[in-house]
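J.: Sequence first, then the predicted structure:
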Amino acid sequence: MTFVRGPLCSLRALALLLCAASSGADPAKPPASAAAKMPAPSASAAASAAASAAASAAPRELVDKRLEQVKRRGEAQKKNRAVRREDVRGDLRERITKRLTGKPITPVIKDELETHARRVARLRRIRLVAAQASDIATVERADRALARENARHERWWRSAP
């Protein structure tokens, strides 16, 4: 199973670990029906099994601690996101009303604003992922595409109905 990075995926992985730990099932052990077909374990295998059972309590505490950290970080990000969203929306609202100079927002203008916002968001995300992967060529392509999109949007505003 492959896990993708991120707070939500981390929570899922932690939840799976917690479920496995609470059920007492060891994913490395075969099911009971397969155990009946296997020969009896040796003394060294029994000792290692006892050691692993004693060590399984420690990961549970680590998982609980990590789960709490992820939850706290998510709550802090949510608060910061709300403040940032209001700041960005306020700035955007001011710029749009300044450009419209008292005219109402028509469906055509609204469609263009939504299209531009969607394209810019995708290009910024592409750039972020490429930068995290140290893909310089893709970062440069995303920058050029973003510049083209902004130029297209500006031309649209100059010829807007």
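T.: Yes, it's here. Numbers count the residues shown, from 1 in each chain.
J.: Could you use CA atoms for every contact and neighbour count after this?
T.: Fine.
J.: What count of nearby residues applies to the residue lying closest to Arg127 once chain neighbours are set aside?
T.: Using CA to CA, 6 or more residues apart in numbering and skipping the chain neighbours, the partner closest in space to Arg127 is Val139 (5.1 Å). A count of neighbours around Val139, defined by other CA atoms under 10 Å, yields 21.
J.: now Leu67
T.: 20.
J.: sorry, back to before: any idea how far the residue nearest to Arg127 lies from Leu123?
T.: Taking CA to CA, to the nearest Å as the measure, Val139 falls 10 Å from Leu123.
J.: swap in His153?
T.: The spacing between His153 and Leu123, counted by CA to CA, is 14 Å.
J.: so what are the domain limits for the chain?
T.: Using automatic domain parsing, the domain parsing of the chain gives 1-27+42-101, 104-161.
J.: can you tell me which of those the model trusts least?
T.: Of all those, the minimum mean pLDDT falls on domain 1-27+42-101 (a mean of 69).
J.: which SSE is Thr115 in?
T.: Assigned by DSSP states H and E, Thr115 belongs to helix 107-132.
J.: And Glu94, by the same measure?
T.: If you go by DSSP H and E, Glu94 is part of helix 57-100.
J.: how much does that helix deviate in direction from helix 107-132?
T.: 140 degrees (axes from the mean of the first three to the mean of the last three CA atoms, to 10 degrees).
J.: so what does helix 57-100 touch, helix or strand wise?
T.: helix 7-23 (3 or more CA pairs under 8 Å, 6 or more residues apart in numbering; DSSP states H and E).
J.: Give me the contacts around stretch 112-130.
T.: Contact with stretch 112-130 is made by 136, 138-139, 142-143, 145-146, 149, 153, as judged by CA atoms under 8 Å, 6 or more residues apart in numbering.
J.: same thing but at 6 Å, please
T.: The contact list for stretch 112-130 (CA atoms under 6 Å, 6 or more residues apart in numbering) reads 138-139, 142.
J.: Lys71: which of these is nearest?
T.: Of all the contacts of stretch 112-130, Lys71 sits closest to Val139, with 31.7 Å by CA to CA.
J.: Would you mind measuring from the closest one to Leu128?
T.: 8 Å.
J.: Check Ala137 too.
T.: Counting by CA to CA - Ala137 and Leu128 are separated by 13 Å.
J.: These two - which one has more neighbours?
T.: A direct count of neighbours by other CA under 10 Å for Ala137 and Leu128 places Leu128 higher, at 15 against 11.
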